[in-house]
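Undergrad: Generate a structure from the sequence data that follows.
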Amino acid sequence: MADKPRVIRHFFVRGRVQGIGYRAWAASEAARLGLEGWVRNRRDGSVEAIVAGPPDKVAVMIEAARRGPWLARVTGMDVGEGTNRDLEDRRRGETFSVLSTM
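TA: Coordinates of the predicted model:
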């Protein structure tokens, strides 16, 4: 049986995305979709995330992240390739981590 395809995406979200529960929302969405990764606030006011999983589910997560939770006002988003090394930043034993501000 062949391995299922898997992609890793690294993205930054800008706008009103801190202080409104964006990280908790992202963790909940990732869990709902069965994705691996992490999310954290950045000192510049943006939110950074790594998500990994089946391409279709990662695409759903990225589209959801463009909207965010109901209090968010996303004004921009940059999406690029992520690596397995990026996934190592999550907490040991967690599928998806909410990390401290960087």
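Undergrad: roughly how far apart are the closest residue to Arg73 other than its chain neighbours and Val39?
TA: Nearest non-adjacent residue to Arg73, counting by CB to CB, 6 or more residues apart in numbering: Arg16, 4.1 Å away. From N, CA and C alone the C-beta is placed, and that goes for glycine too. Distance, Arg16 to Val39, using CB to CB, to the nearest Å: 16 Å.
Undergrad: What residues sit buried inside the lowest-mean-pLDDT helix or strand in the chain?
TA: Across the helices and strands of the chain, mean confidence by mean pLDDT, DSSP states H and E is lowest for helix 84-87: a mean of 95. Buried residues in helix 84-87, counted by 16 or more other CB atoms under 10 Å: 86-87.
Undergrad: What is the neighbour count of Gly34?
TA: As a burial measure, Gly34 scores 11 neighbours (other CB atoms under 10 Å).
Undergrad: so it touches Lys57, yeah?
TA: Yes. Counting by CB atoms under 8 Å, Gly34 touches Lys57, with 6.5 Å between them.
Undergrad: about what we covered before: give me the pLDDT for the residue nearest to Arg73.
TA: Predicted confidence (pLDDT) for Arg16: 97.
Undergrad: Check which helix or strand the residue positioned nearest the centre of the chain maps to.
TA: Ranked by distance to the mean C-alpha position of the chain (CA atoms, centre = their mean), the top residue is Ala49 at 3.6 Å. According to DSSP states H and E, Ala49 maps onto strand 47-53.
Undergrad: State the mean pLDDT of that strand.
TA: Mean pLDDT, computed over strand 47-53, is 98.
Undergrad: How far off centre is it?
TA: Centre-to-centre, strand 47-53 and its host chain are 3 Å apart (CA atoms, centre = their mean, to the nearest Å).
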